[in-house]
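J.: I need the structure of the sequence given here:
(2 chains)
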There are 2 protein chains.
Amino acid sequence: MALLVQKFGGTSVGTTERIEAVAERICRFRREGHDLVIVVSAMSGETNRLIGLANAIMEEPTPREMDVLVSTGEQVTIALLCMALHKRGCDARSYTGSQVRIVTDSAHTKARIKQIDEENMRADLNAGRVVVVAGFQGIDERGSITTLGRGGSDTTAVALAAALKADECQIYTDVDGVYTTDPRVVEKARRLDRITFEEMIEMASLGSKVLQIRSVEFAGKYNVPLRVLSSFGEGEGTLITLEDDTIMEQPVVSGIAFNRDEAKLTISGVPDTPGVALRILKPVSDANIEVDMIVQNVGADGHTDFTFTVHRNDFKRAREVLDGVARELGAREVTGDNKTVKVSIVGVGMRSHAGVATRMFEALSNEGINIQMISTSEIKISVVIDEKYLELAVRALHTAFDLDKPEAEA
Amino acid sequence: MALLVQKFGGTSVGTTERIEAVAERICRFRREGHDLVIVVSAMSGETNRLIGLANAIMEEPTPREMDVLVSTGEQVTIALLCMALHKRGCDARSYTGSQVRIVTDSAHTKARIKQIDEENMRADLNAGRVVVVAGFQGIDERGSITTLGRGGSDTTAVALAAALKADECQIYTDVDGVYTTDPRVVEKARRLDRITFEEMIEMASLGSKVLQIRSVEFAGKYNVPLRVLSSFGEGEGTLITLEDDTIMEQPVVSGIAFNRDEAKLTISGVPDTPGVALRILKPVSDANIEVDMIVQNVGADGHTDFTFTVHRNDFKRAREVLDGVARELGAREVTGDNKTVKVSIVGVGMRSHAGVATRMFEALSNEGINIQMISTSEIKISVVIDEKYLELAVRALHTAFDLDKPEAEA
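T.: Coordinates of the predicted model:
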């Protein structure tokens, strides 16, 4: 009999029928004897409807009032879900973020949780009630309603699990877990039973959009076991935890992530002087363009080449900015390519294994795939390649790192 | 420069365009230097949409969760109105019932206000901000969201005006004031500049559905000057206050009210014994039928006749109940008529004037209208007549009590 925090997203509670299905599932868990805190999002479409109303009045609505407005979305869901639970004879009580109290800073529309008062929830749990909490929202110290930003319901769930020292935080989504790679690209991709927080963060930031990165970081920081499961099907999902010391050997690579939206820009023949990286990147960041990978080679004859990647949508604008920078710095030329992709291997096991990079480059070379950029971190190696090789590269790496086989054998 | 509480109902804020029009009007008052507290309802249709969602799940939704659900309606409006004010450069801040704090008892869906904390509002007013408050809602001592029942936004406005000792509470509606009678029935009906709380209560309960009775009672109790005005047009509306001692002579009758929904039931030849009224009315009230007028004549030979009126919708059911009662009591017969109406004259002036009833009966008799029932109170005389005489009776009384003339001459 565990204390579980379960989060159901907007699609899972998108209609009153689906809310009833979620209630049915919750009742089943309750009958099994678990203590339950449920976090829900707004019904799908509702947040956009509310934003539409605001935009009809004001192009950039005042953030404080925007939070007052959109926080009603989750408030509707908690009430309806409690009704559906009551209908099934399951005692339950709803809480808005302010009622819990989930205290945040005052950064409206992107607030951060500072403190959670778990006393009321604890009293309800002790009385045998299911506690239903509105995700995504809190209250600041002045008593103003705040929201945590899109996807913030995952963060609410993790934060509640941490405050209550729950046994597990379960995120119900429309996928049944985290996969070794995208099953649409590699047929043999398989669901991982476990993955570490660090790996999940690298997988998530690389485009496996199962969970909000922030909520995974949060879970890692407070060591909250996090599980991703399907709202619609059954199954154990994927458990995200700290490194598991009970397993003698971690797999070297846990998954292959990729990102189709990379565009590459190079400024060549830049004078190799201190501060040149700043002089190149500051105008880009001032134009609100996010930079992903950055690579600078050691230069020859006092000059160097500087390459970075941006989202494809920002390619044209970044190139314009860079042309200006090149004139200013007296650089030789600016070149760009928006037909590139990034492929990464991720795994905590690679820390203790030499030759992982070699194995990766060998696998790509065997397929005749040219590597345009390389970037590495503790538990990740990323390469930029021509977009036409994406599927081939991912499949080759999936095989090379033994991910095709069932987990037990890998 | 006054402190005004202004309330705008669901129709006045029914679309984002109308919310902008309300904002425009508020800005004008602000520029004139008034301090403003604005109370708003849910956008028209929104409360019904939310109730529809609840009913899709549960026929009789749990009251606590119903309040969590429907209170989102006003929360949406306060946010949108503040945005519309900000767009116009008018500083404003929104408050839910719980943020104000409007403390109520825990009678969910029909809670009563116990206490209002005006500190936050006062601070905003002092800082030159317009305060925008969600009507209809509060919070109980346990921190649960409550609502005051349909039309409760009027009550919120009056309660805030009382707490803030506002100079006036202005209720914006779709009529431009309180009339001597329904202008659709009497062409010469005219808007009253003033009316007393007592008169307004009698007028309201008799079918002039301009204001919630409860809010008028509240305003009377705390002596909050209440003004009814049009949301769409201009004009001074009608001021509802205590009796005005500065006017030497109150008009004898201030208005003619009527109710088309009256149905009459008589049980004849009932043994005239103590407790017989209870034995007749208890089964009716147990069937959840509301009784309006009750008349019992002094009986002859130990028997009496007992007549009362109910809403026409309840006529059939009331008759069935009464048939059972008649058998039990050994009454002679039950008769009924659902083609009746009630017409009333209302005025605080009649307290000090003899002969008001005589003048009323004479006016009706002159038109050949038969009076079926009579009932009187301190400031009201009501008669039940055949429905076909309704318009004739109202017009005759409007003339007989000098209401056709402009107020100055009356």
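J.: and the residue of the stretch 301-410 of chain A nearest chain B?
T.: Using CB to the nearest CB, the single residue of the stretch 301-410 of chain A nearest to chain B is A:Asn313, 28.6 Å away. The C-beta positions use only the backbone N, C-alpha and C, and glycine is treated the same way.
J.: give me the pLDDT for that residue.
T.: A:Asn313 carries a pLDDT value of 92.
J.: look at it and give its secondary structure.
T.: Classification of A:Asn313 using DSSP: H, G, I helix; E, B strand; the rest coil returns helix.
J.: same question, the one 3 residues further on
T.: For A:Lys316, the secondary-structure state derived from three-state DSSP is helix.
J.: pull the contacting residues for the closest residue to chain B within the stretch 101-250 of chain A.
T.: Closest residue of the stretch 101-250 of chain A to chain B, CB to the nearest CB: A:Gly143 (5.8 Å). Contact partners of A:Gly143, counting by CB atoms under 8 Å, 6 or more residues apart in numbering or on different chains, are A:Ser98, B:Gln99, B:Asn120.
J.: what does A:Glu17 give?
T.: Contacts for A:Glu17 (CB under 8 Å, 6+ apart) come out as none.
J.: so what's the residue count around A:Gly151?
T.: As a burial measure, A:Gly151 scores 17 neighbours (other CB atoms under 10 Å in any protein chain shown).
J.: actually A:Thr358, not the one I typed
T.: By the measure other CB under 10 Å, the count of residues near A:Thr358 is 9.
J.: assign it to helix, strand or coil.
T.: Using three-state DSSP, the secondary structure recorded for A:Thr358 is helix.
J.: next: A:Pro251.
T.: For A:Pro251, the assignment made with three-state DSSP gives coil.
J.: please apply the same query to A:Arg30.
T.: helix.
J.: how near is the residue lying closest to A:Met1 once chain neighbours are set aside to A:Ala127?
T.: Closest residue in space to A:Met1, ignoring its immediate chain neighbours: A:Gly33 at 4.2 Å, by CB to CB, 6 or more residues apart in numbering or on different chains. Separation of A:Gly33 from A:Ala127 (CB to CB, to the nearest Å): 15 Å.
J.: could I get the full set of strands for the stretch 51-200 of chain A?
T.: With DSSP state E, counting those that start in this stretch, the ranges of strands along the stretch 51-200 of chain A come out as A:92-95, A:102-104, A:113-116, A:130-134, A:137-139, A:145-147, A:168-173, A:194-196.
J.: could you tell me the least trusted of those?
T.: Lowest mean pLDDT within the strands of the stretch 51-200 of chain A: strand A:194-196, a mean of 91.
J.: identify the residues contacting that one?
T.: Under CB under 8 Å, 6+ apart, the answer for strand A:194-196 is A:Val178, A:Met203, A:Thr238, A:Leu239, A:Ile240, A:Thr241, A:Leu242, A:Glu243, A:Asp244, A:Ser254, A:Gly255, A:Val348.
J.: same question for stretch A:39-46.
T.: Outside stretch A:39-46, the residues within contact range by CB under 8 Å, 6+ apart are A:5-11, A:13-15, A:19, A:22, A:70, A:73-74, A:76-78, A:81, A:132-136, A:153, A:156-157, A:160.
J.: wait, A:Arg312 sits on A:Asp337?
T.: No - using CB atoms under 8 Å, A:Arg312 is not in contact with A:Asp337; the gap is 10.5 Å.
J.: residues of chain A that sit close to chain B?
T.: Residues of chain A lying close to chain B by CB under 8 Å from any CB of the partner chain are A:16, A:19-20, A:50, A:53-54, A:56-58, A:61-62, A:64-66, A:68-69, A:71-72, A:75-76, A:78-80, A:82-84, A:86-87, A:93-94, A:96, A:98-99, A:120, A:143-145.
J.: need the contact list for A:Ser285.
T.: So A:Ser285 contacts A:Val291 (CB under 8 Å, 6+ apart).
J.: which residue ranges of chain A form helices?
T.: Assigned by DSSP state H, the helices in chain A fall at A:16-31, A:46-57, A:63-87, A:97-100, A:119-126, A:152-164, A:197-205, A:213-221, A:276-286, A:315-329, A:356-366, A:390-400.
J.: lowest-confidence stretch among these?
T.: Of all the helices of chain A, mean pLDDT reaches its minimum on helix A:197-205 (a mean of 82).
J.: that one vs helix A:213-221, what angle?
T.: Note on geometry: by axes from the mean of the first three to the mean of the last three CA atoms, to 10 degrees, helix A:197-205 and helix A:213-221 are set 180 degrees apart in direction.
J.: how much space separates the residue lying closest to A:Glu243 once chain neighbours are set aside from A:Thr77?
T.: Nearest residue to A:Glu243 in three dimensions, chain neighbours excluded: A:Thr196, at 5.3 Å (CB to CB, 6+ apart). Separation of A:Thr196 from A:Thr77 (CB to CB): 32 Å.
J.: who has more neighbours, the two?
T.: The residue with more neighbours, out of A:Thr196 and A:Thr77, is A:Thr77; 30 against 21, by other CB under 10 Å.
J.: can you verify my assumption that that one contacts A:Ala134?
T.: Yes - judged on CB under 8 Å, A:Thr77 makes contact with A:Ala134 at a distance of 7.1 Å.
J.: give the contact list for the closest residue to A:Thr304 other than its chain neighbours.
T.: Closest residue to A:Thr304 apart from its sequence neighbours, by CB to CB, 6+ apart: A:Asp272 at 4.3 Å. Contacts for A:Asp272 (CB under 8 Å, 6+ apart) come out as A:Gly299, A:Gly302, A:His303, A:Thr304.
J.: neighbour-wise, which of those leads?
T.: Counting by other CB under 10 Å, top hit in the contacts of A:Asp272: A:Thr304 with 20 neighbours.
J.: what does the pLDDT read for it?
T.: pLDDT, read off for A:Thr304, is 87.
J.: any idea how far A:Val321 is from it?
T.: A:Thr304 is 19 Å from A:Val321, by CB to CB.
J.: list the buried residues of stretch A:4-13.
T.: Residues A:Leu4, A:Val5, A:Gln6, A:Lys7, A:Phe8, A:Gly9, A:Gly10, A:Thr11, A:Ser12, A:Val13 are the ones in stretch A:4-13 that count as buried (16 or more other CB atoms under 10 Å in any protein chain shown).
J.: looking at strand pairing, list the partners for the third one.
T.: Counting by DSSP bridges, A:Gln6 forms beta bridges with A:Ile38, A:Gln170.
J.: how about A:Ile102?
T.: For A:Ile102, the beta-bridge assignment (DSSP bridges) gives partners A:Ile116.
J.: my guess is it contacts A:Ile139. True?
T.: Yes - between A:Ile102 and A:Ile139 there is a contact under CB under 8 Å: 6.8 Å.
J.: same drill for the two, tell me which one is more crowded.
T.: Applying other CB under 10 Å to A:Ile102 and A:Ile139 shows that A:Ile102 carries more neighbours, namely 29 against 24.
J.: which residues touch A:Arg191?
T.: Shown in contact with A:Arg191 (CB under 8 Å, 6+ apart): A:Asp176, A:Gly177, A:Val178, A:Tyr179, A:Gly235, A:Gly237, A:Thr238.
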